[in-house]
Structure formats: C-alpha cells, structure tokens
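Q: Next come a sequence and a model predicted from it.
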Amino acid sequence: MIKMYGLKNCDTCKKAKKDLMHANKTFEIFDFKSDGLRKEKLLDWSAKLGWETLINKRGTTWRRLKDTEKSDLNINELINLVMLNPALIKRPLFELDDFVIVGYREEQKKALGI
C-alpha cells in the first residue's frame, strides 16, 4: 500500500491522488495539517532523503520565514521549524514499505507505477 503525505489544498497532491485512483493503486492519504506530523516520521524521512531533498526552499512558506529563522539551523532547530510549519516539506511525499519518494514528476510517477 502507498502512503501519500501532503496538504489537502496542494494542487500537486490533488493530481497525485487522482492519478493513483485512475491507476487503481491502493493508497492512504495523510494531511500534514489535519492529521499532524510526528517527529519520528520526520527524522526517518530526513535520514532516508536528507534535509536538502526533504525541505522545499522554493515554496512560499520558506520564503516567508525571516532570515534569522532559516540561517545556521542545527538539527533540533530545523525539526522544530518543520513541526511548526509542515508546509516546508516537499510534497507530495510517498512511502512504499521502507522506500520514500518525494515530489511528483515523471521519475516519481514511474517509481509509483503510474
């Protein structure tokens, strides 16, 4: 089963949901805001992907942060920042067993079997 994480209002997440349905894939959707985000899950994703892959520095949430909030972050500060602002995570994010995929371009679609 595919687990998809994202935000309900994210256009890319909506497209991924639609494509998964059309491909008859079995999946669950988790919304960062309404379902919450566990610190353990965040640490697992960062260990598998790395922070540079996991954090969306091109998004409006990152750009709205003050420079002092996003410079010289240690791991604990980064975790706290993401826990307070889950929209900082690139999305959608997919889990397939122990494998994690972030984003929704052709490469990710192929990995999902879409």
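A: Cool, got the structure.
Q: For Ile89, which non-adjacent residue is spatially closest?
A: Leu54 (6.1 Å; Cβ to Cβ, 6 or more residues apart in numbering). Quick note: C-beta positions are derived from backbone N, CA and C, even for glycine.
Q: give me the number of residues near the one you found?
A: Counted with other Cβ atoms under 10 Å, residues neighbouring Leu54 total 20.
Q: doesn't Ser46 make contact with it?
A: Yes: assessed by Cβ atoms under 8 Å, Leu54 is found in contact with Ser46 at 5.5 Å.
Q: thinking again about what came up before, now do the residue nearest to Ile89, the pLDDT please.
A: In this prediction, Leu54 carries a pLDDT score of 93.
Q: now it: how far from Lys8?
A: Using Cβ to Cβ, to the nearest Å, Leu54 is found at 20 Å from Lys8.
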